[in-house]
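Engineer: Can you look at this prediction? I've put the sequence above it.
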Amino acid sequence: MGRRIRWLGVILILCFALVLVQLANVQFRKASALANSKNNPKNFVAHLDNTRGDILAADGTVLAYSEKATSGSYKYQRVYPLGPLTSQVVGFDSLIYGTTGVESVYNQYLVAHHQAAKTIGQLLSPPPETTDNVTLTIVPSLQRVAQQELADLPGPNRDGAVVAINPTTGAIEAMYSSPTYDPNPLASPTSAGENLGDVAYLGKDAEGFSPSSPIALREVFPPGSTMKVVTSTAVYNLKPQLSNFVWPNPLQPATGPASACIALPHSNKLLCNDGGSPCGGNMTLMLPQSCDPGYGALGMALGGKTLWQQAAAFGYDQVPPIDIPGAVASNFPTPAELGPAQLGQPGQAYSAIGQQDVEATALQNCLVAAGIANGGVVMTPHVMAEVRSSDGTLVASYQPTPWKTAATQQAAGQVTPLMQAVVTSGTASGVGFPSILNAAVKTGTAQRQAPGQVEETDDWMIGFAPANDPKIAIAVVVPYQPYSAYGATIAGPIVKAMMEAALSLPTNSAPAPPASQP
């Protein structure tokens, strides 16, 4: 009997110890997570009771504010004055669907919270909770240019994306995708209104794209000849012994009329220039011409490992660390995939010109242009400029931070004049870039054909200006265009308009002081 009592006592002690451990776990280890959980009834009630801080554009324009609701569950409802123009950056705050975009990333500042005590008096008697205002790097006038230019495209397919970055800071000055959505219904004070907004948000348009998946961040396309910027950089940065590479040459004879094609080793494929037109020479001639067989030969000379190393140095195969949720990685074949057991030399040739298994987002391709513009350093892309309390006190500000060193300054400097020549004597010479812009660009026209469908093109242009003192880097992609379309003719005018608008601004990405809600 005594033995049983002792065992019972041990069991009771162990149970009591477990209770103490769990109590400590809840009170200390999990306290913060439980306190901030959306399932915490206190937070849910606070979500209904408390207003949120403003979200402002770089010029002080109010992009989001809260006002008292006149019906429904909310005591306050969110209002987005520019609606679809900035929704895919700003996001929304919804009772049913939660938060997205900047509303989500910087929620800790936007919701009501206690400010840090700055005096002994505040420490003893904390001031009431307040909200902070978040100022972004987005410039509404540039957003409008992107919106209008995509809307004015010829033909029925007008979906696409425009990204503009300050290359020296990484500040996103414009990021617009079509299709887009109006966030106001998703912030409706009634569940019926939010449900209607959700249908529009999640639906797909005639081209198969959804507003909930912004093209700029979440859709990848073959970058076509814009990849030749990466391939050229690989030469100057990783294999400078190829800087005098010339195509055609006796070791890699051309097949076809006047050096318009190259026979790819270990295959029955010919890589030909667009329209069968002859091209060739060194890189100073081949990049402005956008010579496919020449760059295919150069890609094979570089080899799969070098091609991948340079693409990865620009950020391929990694998710860009932008402060907007949902960005996806761009894809470049690995050295193993480009080895003889898989894609081999034909794969190296096609990868060097941005075809086959290479896919990029507009954001990634803009980072390539920005990296060259910034002397080989790719800055971390970001949309937050600063956070200020309701009384205007600075709470936090973004400090520009390098993300990747894609190339040496010398290598980037050698690629820049090649891109300038694309404007003055190459595939973009017909776009009409004014000389005062001193633009450096690269066109891209990637052919695609889904089974059973007509052949189409994904049309690109990337670039920066002015080439001697870059202030803006831009990428434009317009997918699913007619086979007769080109990057120069479709994306080129959009890049030109964006450069002209950006360089006419009095300042680039200058955070404005907090503005009051309208």
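Structural biologist: Done, it's in.
Engineer: as a whole number, average confidence for whichever helix or strand L363 is part of?
Structural biologist: Element membership of L363 [criterion: DSSP states H and E] is helix 362-373. Average pLDDT, helix 362-373: 98.
Engineer: Whichever helix or strand comes after it pairs with which strands, and in what direction?
Structural biologist: Note on helix 362-373: by DSSP H and E, the next helix or strand toward the C-terminus is strand 377-379. Note on strand 377-379: by DSSP bridges, its sheet partners are strand 402-405 (antiparallel).
Engineer: tell me how far the partner strand is from the chain's mean position?
Structural biologist: Relative to its parent chain, strand 402-405 has a centroid offset of 15 Å by C-alpha atoms, centre = their mean, to the nearest Å.
Engineer: How about the secondary structure of the closest residue to G430 other than its chain neighbours?
Structural biologist: The shortest distance from G430 to any residue other than its chain neighbours is 6.4 Å, reached at A488 (C-beta to C-beta, 6 or more residues apart in numbering). In short, each C-beta sits where N, CA and C put it, glycine included. What DSSP: H, G, I helix; E, B strand; the rest coil gives for A488 is helix.
Engineer: correct me, but A488 touches M461?
Structural biologist: Yes: using C-beta atoms under 8 Å, A488 is in contact with M461, at 7.0 Å.
Engineer: neighbour count winner among those two?
Structural biologist: Using other C-beta atoms under 10 Å as the criterion, A488 and M461 rank with M461 on top: 34 against 24.
Engineer: just for the stretch 1-150 of the chain, where's the confidence low?
Structural biologist: By pLDDT under 70, the weakly predicted segments of the stretch 1-150 of the chain are 1-4, 8-10, 12, 17, 19-21, 23-50, 72-73, 116-127.
Engineer: Can you list the residue ranges for strands in it?
Structural biologist: 55-56, 62-68, 76-79, 93-94, 98-99, 132-136 (DSSP state E, counting those that start in this stretch).
Engineer: could you say what helices and strands the last one packs with?
Structural biologist: Translated: strand 132-136. strand 55-56, helix 107-110, strand 384-389 (3 or more C-beta pairs under 8 Å, 6 or more residues apart in numbering; DSSP states H and E).
Engineer: Just want the angle from that strand to strand 62-68.
Structural biologist: 150 degrees (axes from the mean of the first three to the mean of the last three C-alpha atoms, to 10 degrees).
Engineer: how about low-confidence regions in the stretch 351-500 of the chain?
Structural biologist: 449-453.
Engineer: again, only this time at 90
Structural biologist: Scanning the stretch 351-500 of the chain for pLDDT under 90 picks out the ranges 356, 390-391, 447-455.
Engineer: For it, which segments count as strands?
Structural biologist: 377-379, 384-389, 394-397, 402-405, 440-448, 456-465, 472-482.
Engineer: Switch those over to a markdown table; also include distance to S225.
Structural biologist: Shown next, in a markdown table, are the strands of the stretch 351-500 of the chain (distance: least, C-beta to C-beta, whole Å):
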| stretch | distance to S225 |
| --- | --- |
| strand 377-379 | 20 |
| strand 384-389 | 34 |
| strand 394-397 | 39 |
| strand 402-405 | 22 |
| strand 440-448 | 5 |
| strand 456-465 | 8 |
| strand 472-482 | 13 |
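Engineer: Out of the ones you listed, flag the one nearest A327.
Structural biologist: A327 sits nearest to strand 402-405 of all those, at 12.5 Å, using C-beta to C-beta.
Engineer: So what touches that closest one?
Structural biologist: 170, 313-315, 320-321, 367, 371, 376-381 (C-beta atoms under 8 Å, 6 or more residues apart in numbering).
Engineer: Sort out which of the residues you listed are buried, if you could.
Structural biologist: 170, 313-315, 320, 367, 371, 376-381 (16 or more other C-beta atoms under 10 Å).
Engineer: Nearest to I215, out of these: which one, please.
Structural biologist: Out of the buried ones among the contacts of strand 402-405, the member with the shortest distance to I215 (by C-beta to C-beta) is P320, at 14.7 Å.
Engineer: contacting residues for that closest one?
Structural biologist: Going by C-beta under 8 Å, 6+ apart, the list of residues near P320 reads 327, 363-364, 367, 381, 403.
Engineer: possible to save those as TSV with distance to P154?
Structural biologist: TSV is the format used below for those (distance: C-beta to C-beta, whole Å):
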residue	distance to P154
A327	30
L363	25
Q364	27
L367	29
P381	31
W403	36
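Engineer: And those residues, which is closest to S435?
Structural biologist: L367 (26.7 Å).
Engineer: In contact with the closest one, which residues are there?
Structural biologist: 165, 314-315, 320, 378, 381, 403.
Engineer: Phi and psi next, for L285.
Structural biologist: phi -100, psi -40 (degrees, to the nearest 10).
Engineer: Also P278?
Structural biologist: phi -70, psi 150.
Engineer: Could you measure from it over to H113?
Structural biologist: For P278, the distance to H113 (C-beta to C-beta, to the nearest Å) stands at 66 Å.
Engineer: cool, I55 as well?
Structural biologist: 16 Å.
Engineer: out of the two, which sits in the busier spot?
Structural biologist: Ranked by neighbour count (other C-beta under 10 Å), I55 and H113 place I55 first, with 28 against 15.
Engineer: What is the neighbour count of the nearest residue to that one once chain neighbours are set aside?
Structural biologist: In this structure, I55 finds its nearest non-sequential neighbour in A64, 4.0 Å apart by C-beta to C-beta, 6+ apart. Neighbourhood size, A64 [other C-beta under 10 Å]: 29.
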